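>>> Sequence plus predicted model, see below.
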Amino acid sequence: MSLASQLLRRVDNPALSVTERAALRCQLAKEFEDSGNYEAARAAMGELWQRVGERPQVNDLDRRTSAEVLLRAGSLSGWIGSANQVEGAQEIAKDLISESASLFDSLQETEKVAEAYIDLAICYWREGTFDEARVTLREALRLLDDKHSEQKGRALLNSAIVEMYMGRHNDALHILTEALPLFEENQNHAAQGRFHGQLAFVLKKLGAAEQREDYTDRALVEYEAASYHFEQAGHTRYRAAVENNLGYLLFITGRLVQAHEHLDRAHLLFSSLKDSVNTAQVDDTRARALLAQKRNSEAEKVARSAVRTLERGDERWPLPEALTTHGVALARLGRYDESRLTLERAMDVASQAGDSEGAGVAALTIIEELGERLKVEEMVNLYERADEMLASSQNAETLTRLRRSARRTFEAGRARVKESAPPNFVYADAQTAELLRATHRIATTATPVLITGETGTGKELLARMIHEWSGRAGRFVAINCAALTETLLESILFGHRQGSYHEAGQDQAGIVRQAAGGTLFLDEIAELSQGSQGKLLRLIENGETQTIGATQPEHVDIRIIASTNRNLKELVDGKEFRADLLYRLNTFHLEIPPLRKRPEDISALAAHFAREITEKHNRRVRFTPDAIEAMRRLPLKGNARELRSLIERTVLTAAEGTQITRDAVEVLAARQTNRAALADAWAGCSFEEEVLRYEASLIKLALENSKGSVTHAARLLGVTHQRLCSMLQGRHTELLPSKKPAQKRKRSIIRK
């Protein structure tokens, strides 16, 4: 009969006192906890403690038993909170364990104080605060002094784990070697399994870092030993961890098929335990194996899932590694801006947790994966940060990567050439991809192109891309037709001779001649006068331009691209635009949909603008991936231009080190103002003003849809004609011009 079964029978003995039953319950819970069955351990605590966040019942217990109950409840709060990603669980666990340690200290039970400190250090480790974990474990070892006990073995084992996660692999191996005699004497299978599993993990890391096949072979042997002991102990959770580590070891040695088999088993075991954190770690390992197989799309999905799981709770230590894997997957899919943001976040999370190794590796990964898209100054800055963070690293593989990055940074600086970057139409939406394919097909022709779309959709950028793809040797010259009067526009377009009119003091070549051999982009072409439209038509049809004051026209080779945010067909119907000019321009018509109709582009543009603007202004303001994703819900009536303005305003007004979260974006999306910045989305908020803005936007829309009819608009809004008139004449007088003038009533033929 197992010890757990014996304890279960003894707990039910009615002759036991309250204190004796509590002590037995704690002993039983410890047995289940050691086997990794945390839910059974929780149930074993019975009426003493039932769930994370609940205060243990210790009122009727003596001080020693109270301390034991607090320790068990604290330790289990940490383990259950970790497995189920219970927010705040580690803080709750630390409070209970600390209270337990104080009671044991008052009772002068040194070994129990040390046990509590070890459990406290595990909580710090889960949170990723490795320095706190190290200090706490040192204090536990000081208390244990020369005692050869189970607790000293636990303290040494956990010290090795912390050193491993800080990148000090040789230090971890030294600690485990020191602990070996303690575990050889220990008859506890679970404890021996943990020791052999951790020793295998250290040997695996050192084998990869130092190219030592003997270490890798020893790691496989140690994993076999760990698996045996965990099977004997009935420890499903640790068996699953061994399967995950075997999967990783096989992956780094190139045996990918076998690696996936072990990862499948690990995933199944952890899922059966409802252990989301370790399941996420298996996903992270699998994502790396998929990257090695160049199955990048699958790797990105798996890595994204792992990151989302790890973000939900207090577990910070595995998050930087998962973010780094996700960043690599994004880079290899060509999603460079998202990759950069993700890898920078990995650096931040690791730095905040005191994980300098993880932060340094994330910095190196940016250089390795995104080096071609970095400015030399950025590469130098990243390398210097990585070099500083990895100063104490003992990982030979990481140090090799650091040297490679140093060479790459040096070569980039030596070969630095300043070139103007080609235009880049940032996108992720399928319909935008199709638009760009259509654009590319027509770029090499000399035919005019008409680009339409709302303000801020990127019409000029698309025109520049057509010019770049066309291969034309001349310049790209742009002019905004809406900004100039008819006389001035004609002079700027076609040029003038000295004395041709009063202000013409000297000859001036028009921009048509400046664009000879290249492309002339006419923005807001609907604003051209009828006379200028006729001259433009002659230019398109005959390739002729006539300078003001010249007697003969000149021939010019030029490609015309025009854009507008207005409906030219309606203008033709209204005799405001020449039909023949529209027909010539409309040979190729490209329409850019507004951002609200291509939401996938919003997150891609937001990530691009965030990186570009923070670099431009040298500001440390970070937008979380969730915030970038949430920007898809912003109204963005000004499209990409408005999005860029919002992000730039945020970067310039935010304090250094500010992190913009999804919550800020959602607040701004709900508001009607266009003056706020994401750095303080609630700034200047007035409930009354927000409601009035929303009311005004609805009334304006109803009036537009009803062509100014107040009666029709009132029906659309579900209010009476009288009430809508009252609102227009009272608090929304700015909308009165949208109202159709009332028609005079005819005199009745009956009245005299």
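Alright, I've got the coordinates.

>>> where does the chain dip in pLDDT?
For the chain, the stretches flagged by pLDDT under 70 are 1-8, 313-316, 413-423, 483-491, 496-509, 545-553, 664-691, 693-694, 740-752.

>>> Pick out the residue closest to the middle of it.
The C-alpha lying nearest the average C-alpha coordinate of the chain belongs to residue 625 (CA atoms, centre = their mean; 2.2 Å).

>>> Contact partners for that one?
338, 341, 342, 345 (CB atoms under 8 Å, 6 or more residues apart in numbering). Where you see a C-beta, it was placed from the backbone N, CA and C, and this is true even at glycine.

>>> After the strand or helix carrying the last one, which helix or strand is next?
In this structure, residue 345 sits in helix 336-352 according to DSSP states H and E. Counting by DSSP H and E, the element after helix 336-352 in chain order, helix or strand, is helix 356-370.

>>> Can you identify the element that follows that following helix toward the C-terminus?
Defined by DSSP H and E, the subsequent element after helix 356-370 is helix 376-389.

>>> quick check, residue 562 in a helix?
No - with DSSP: H, G, I helix; E, B strand; the rest coil as the criterion, residue 562 is strand rather than part of a helix.

>>> How many residues are close by it?
28 (other CB atoms under 10 Å).

>>> surely it meets residue 522?
Yes - counting by CB atoms under 8 Å, residue 562 touches residue 522, with 4.5 Å between them.

>>> can you give me the angle the helix holding residue 345 makes with helix 356-370?
170 degrees (axes from the mean of the first three to the mean of the last three CA atoms, to 10 degrees).

>>> Identify the residues contacting helix 336-352?
With CB under 8 Å, 6+ apart as the criterion, helix 336-352 contacts 128, 316, 319-321, 323-324, 326-328, 330-331, 356-359, 362-363, 365-366, 369-370, 373, 385, 389, 426, 603-604, 607-608, 610-611, 622-625, 628.

>>> Put the alpha carbons of that helix into CSV.
Provided in CSV are the C-alpha atoms of helix 336-352 (Å, rounded to 0.1, in the frame of the first residue of the first chain):
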residue,chain,number,x,y,z
TYR,A,336,9.2,42.3,-40.7
ASP,A,337,7.6,45.1,-38.7
GLU,A,338,5.6,42.7,-36.6
SER,A,339,8.8,40.7,-36.1
ARG,A,340,10.7,43.7,-34.9
LEU,A,341,8.0,44.7,-32.4
THR,A,342,7.8,41.1,-31.1
LEU,A,343,11.6,40.8,-30.6
GLU,A,344,11.8,44.2,-28.9
ARG,A,345,9.1,43.1,-26.6
ALA,A,346,11.1,39.9,-25.8
MET,A,347,14.0,42.1,-24.9
ASP,A,348,11.8,44.3,-22.6
VAL,A,349,10.1,41.4,-20.8
ALA,A,350,13.4,39.6,-20.3
SER,A,351,15.2,42.8,-19.0
GLN,A,352,12.3,43.5,-16.6
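
>>> Name the residues of it that are buried.
Neighbour counts over helix 336-352 (16 or more other CB atoms under 10 Å) mark 336-351 as buried.

>>> same question, stretch 385-396
So, applying 16+ other CB under 10 Å, buried residues of stretch 385-396: 385, 386, 387, 389, 390, 393, 394, 395, 396.

>>> Could I get the contacting residues of the nearest residue to the third one once chain neighbours are set aside?
Read that as residue 387. Leaving aside its sequence neighbours, residue 387 sits nearest to residue 402 (CB to CB, 6 or more residues apart in numbering; 6.5 Å). Residues near residue 402 by CB under 8 Å, 6+ apart: 360, 364, 386, 387, 390.

>>> 10 Å instead?
By CB atoms under 10 Å, 6 or more residues apart in numbering, the contact list for residue 402 reads 360-361, 363-364, 367, 383, 386-387, 389-391, 393, 395.

>>> same deal with residue 129?
So residue 129 contacts 90, 121, 123, 135, 136, 316, 317, 352, 353, 354, 355 (CB under 10 Å, 6+ apart).

>>> what does residue 599 give?
So residue 599 contacts 428, 429, 631, 632, 633, 636 (CB under 10 Å, 6+ apart).

>>> top of these by neighbour count?
Highest neighbour count within those: residue 631, with 28 neighbours (other CB under 10 Å).

>>> SS state for that residue?
helix.

>>> rewinding a little: let me know the closest of the contacts of residue 129 to residue 26.
residue 123 (18.7 Å; CB to CB).

>>> that older thread, which of the buried residues of stretch 385-396 lies closest to residue 243?
Out of the buried residues of stretch 385-396, the member with the shortest distance to residue 243 (by CB to CB) is residue 395, at 24.2 Å.

>>> I figured that closest one was touching residue 206, is that so?
Yes - taking contacts as CB atoms under 10 Å, residue 395 lies within contact range of residue 206: 8.6 Å.

>>> Tabulate the contacts of residue 599 (JSON lines), appending distance to residue 661.
Shown next, in JSON lines, are the contacts of residue 599 (distance: CB to CB, whole Å):
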{"residue": "428", "distance to residue 661": "22"}
{"residue": "429", "distance to residue 661": "24"}
{"residue": "631", "distance to residue 661": "12"}
{"residue": "632", "distance to residue 661": "15"}
{"residue": "633", "distance to residue 661": "14"}
{"residue": "636", "distance to residue 661": "19"}
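
>>> Please, which helix or strand holds residue 522?
strand 519-523.

>>> From the chain's centroid, how far away is that strand?
37 Å (CA atoms, centre = their mean, to the nearest Å).

>>> Could you list every helix and strand in contact with the following helix or strand past it?
Downstream of strand 519-523, the next assigned helix or strand under DSSP H and E is helix 530-542. Judged by 3 or more CB pairs under 10 Å, 6 or more residues apart in numbering; DSSP states H and E, helix 530-542 is in contact with helix 486-494, helix 511-514, strand 519-523, strand 544-545, strand 559-564, helix 579-585.

>>> Name all residues that make contact with the spatially closest residue to residue 211 that is not a sequence neighbour.
In this structure, residue 211 finds its nearest non-sequential neighbour in residue 396, 7.8 Å apart by CB to CB, 6+ apart. Counting by CB under 10 Å, 6+ apart, residue 396 touches 169, 170, 205, 206, 208, 209, 210, 211, 212.
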